[in-house]
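>>> sequence and computational prediction follow.
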Amino acid sequence: MSHAVSPGASHVLAPELHASYPLIARGEGVWLEEADGTRYLDAMSGGSMVATLGLGRRDVVEAARVQARRVSFAHNEWLTNPQQERLARRLVERAPADGDYARVSFVTGGAEANEAALRLARSYQVERGHPERWRIISPAQAYHGPTFATLALTGRPGLHGPLAPYLFEVLHIPPSTKRFDPTGERALAALDAILADVGDEVCAYYCEGVSAASLPAYTPPNTFWEGLAERAQRHGFLICFDEIVTGLGRTGSWFAAEQLPVTPDLIATAKGLGGGYTAIGAVLARRHVYETIAAGSGRVPLGHTWSGAPVACAVANEVLDILEREELVARVAERGPVLRRRLADALTDVSLVSEVRGRGFLLGVEYADPRDDRCFLAPELRVAARVDQAAIARKLVTLSVQPTRDGYAGDQSLFAPAFTATESELDEMVERFAAAVHAVEAQVLPVLEATPLRPTA
């Protein structure tokens, strides 16, 4: 029987203070195991799309051991190290080919990477003689991290909560989703309205190229990206991509930007860079951003203690070695569409499922009221939470979200397995997930039939 850590038995300040948590003692590949031997199949790369190579890779652990014995730490402000230099060079080489990326700055995670990109964007505008450019525009339905700056980037009051007074002002436009704005024209009109009002003060547009938790596996139509690129050129603001999740192969290319008709000036990435074996993030800057700062003050201040640390960079270099040696990015590109079709086929008779979408090994399942296949499901039905509960009861790790209160999206599930999952493991993930969703539908439909339809604005 599974043994969970109860709230009264833990000194950890957990996200849910009254919940019990399974105590994971071991991991191998796509399997998590409790101390008593209870095993969970992980369809979320460690739960948060981090463990892209699977768990228990001895080659990665050995890379960390070797580097730790050689030199474990060297402060990045006055010193550098071979692992950092090699990693920066390799990321520049793997960046979108048409971007002419020139430099990389390292941090210790995704939120830090997004904040570092914001600092670079602001520095660029000041260095080129435009200190009045400070404003950031971002899609409202987004998630970029839990720090004050990254929380401000999202226009979701449900996430801001009591922290709202601490957040700086960010201008938001509605997401150009299939439900509200399938052509992207509504989002571009909202962007135009902002630019007409304060265009001379805009520093950057900050977004995910392909969304993760906020709108799983969604990307706006090409019309929007092309319009954004034209406006950035005309008005003088930067385009910044949050590729914390999508960087390093998740969507079937080294960066999701390669698949879109726009080239970001700055790219923030993190999760896949450490592959679940170390905490590391990075910001990639295009040449014109770097050269502007270099020709000005020549400084990029406000670093972090562990930025570019030798052990973290050694691990990231080994992760890149594995991705290249085992051709995992190509595998994700090839197997991703097959996995999406399998998942869609397994859910085809579930009336709650409105859409199954995805790129590579980042898939999203969207739920809607089956009476019109458009309206959000009532939040009190707790469909997202029910799906995760039904999945964990079947020993499957998933992640579902319910941002309904923010008005742009309803219940959704993510499906993001490790790149190394075998075909049989992927099949079993789909089978368990489909069983969980079928079980939730059986619970929800009788309740739904007794409640009125709630039109979505």
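Yep, it's here. Numbering: from 1, shown residues only.

>>> could you chop the chain up by domain?
Here the domain assignment for the chain is 4-56+328-449, 61-325, based on automatic domain parsing.

>>> for these, give me CSV that also has mean pLDDT and mean neighbour count.
C-beta here means a position set from N, CA and C on the backbone, and glycine is covered the same way. Compiled in CSV, these are given as follows (pLDDT from 0 to 100; neighbours: other CB atoms under 10 Å):
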stretch, mean pLDDT, mean neighbour count
domain 4-56+328-449, 95, 19
domain 61-325, 96, 20
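
>>> could these be laid out in CSV, adding distance to residue 455?
Listed next are those as CSV, based on distance: least, CB to CB, whole Å:
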stretch, distance to residue 455
domain 4-56+328-449, 6
domain 61-325, 12
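
>>> which pLDDT value belongs to residue 1?
Residue 1 is assigned 49 on the pLDDT scale.

>>> quick check, residue 36 in a helix?
No - secondary structure of residue 36 (DSSP: H, G, I helix; E, B strand; the rest coil): coil, not part of a helix.

>>> could you number the chain from 516 rather than 1 from now on?
Okay, residue one is now 516; in that scheme the one you just asked about reads as residue 551.

>>> tell me how far residue 619 lies from residue 762.
Computed with CB to CB, to the nearest Å, the distance linking residue 619 and residue 762 is 12 Å.

>>> swap that for residue 927, please
From residue 927 across to residue 762, the span is 21 Å (CB to CB).

>>> just residue 677 next, same as before
The span separating residue 677 from residue 762 equals 32 Å under the rule CB to CB.

>>> any idea which element residue 856 lies in?
Using DSSP states H and E, residue 856 falls within helix 843-861.

>>> quick one: contacts of that helix?
Applying CB atoms under 8 Å, 6 or more residues apart in numbering, the set of residues contacting helix 843-861 from outside is 567-568, 763-769, 837-838, 871-876, 878, 880, 930, 932, 934-935, 941-942, 945-946, 948-949.

>>> which of the residues you listed fall within helices?
Among these, the members found in helices (DSSP state H) are 837-838, 941-942, 945-946, 948-949.

>>> now do the SS call for residue 651.
Three-state assignment for residue 651 (three-state DSSP): strand.

>>> and for it, nearest residue in space, chain neighbours not counted?
Take residue 651 and drop its neighbours on the chain: the residue closest to it by CB to CB, 6 or more residues apart in numbering is residue 685, 4.9 Å away.

>>> any idea how far the one you found is from residue 735?
Taken as CB to CB, the spacing of residue 685 relative to residue 735 amounts to 18 Å.

>>> what do you get for residue 565?
Between residue 565 and residue 735 the distance is 25 Å, computed by CB to CB.

>>> likewise residue 816?
Look at residue 816 and residue 735: by CB to CB, they are 34 Å apart.

>>> repeat that for residue 526.
44 Å.

>>> what do you get for residue 968?
Distance, residue 968 to residue 735, by CB to CB: 28 Å.

>>> I'd say residue 958 and residue 900 touch.
No - with contacts defined as CB atoms under 8 Å, residue 958 does not count as touching residue 900, sitting 11.5 Å away.

>>> before we move on, the earlier item: gap between the helix holding residue 856 and the chain center?
19 Å (CA atoms, centre = their mean, to the nearest Å).

>>> also stretch 825-842?
Stretch 825-842 sits 20 Å away from the centroid of its parent chain (CA atoms, centre = their mean).

>>> just stretch 792-808 next, same as before
Between the mean C-alpha point of stretch 792-808 and the mean C-alpha point of its chain there is a distance of 18 Å (CA atoms, centre = their mean).

>>> now do it: distance from first to last residue.
Taking CA to CA, to the nearest Å, stretch 792-808 runs 33 Å from one end to the other.

>>> which residue would you name as the spatial centre of the chain?
residue 760 (3.4 Å; CA atoms, centre = their mean).

>>> so how far is residue 715 from that residue?
Using CB to CB, we find residue 760 at a distance of 33 Å from residue 715.

>>> swap in residue 701?
From residue 701 over to residue 715 the distance is 24 Å, taken as CB to CB.

>>> just residue 810 next, same as before
Taking CB to CB as the measure, residue 810 falls 23 Å from residue 715.

>>> likewise residue 740?
Distance of residue 740 to residue 715, given as CB to CB: 23 Å.

>>> list the neighbouring strands of the host helix or strand of residue 620 plus their orientation.
Using DSSP H and E, residue 620 sits within strand 616-622. Next to strand 616-622 in the sheet, as set by DSSP bridges, lie strand 796-801 (antiparallel).

>>> hmm, who's touching the strand it pairs with?
Applying CB under 8 Å, 6+ apart, the set of residues contacting strand 796-801 from outside is 602, 606-607, 610, 614-625, 627-628, 631-632, 635, 759, 778-785, 788.
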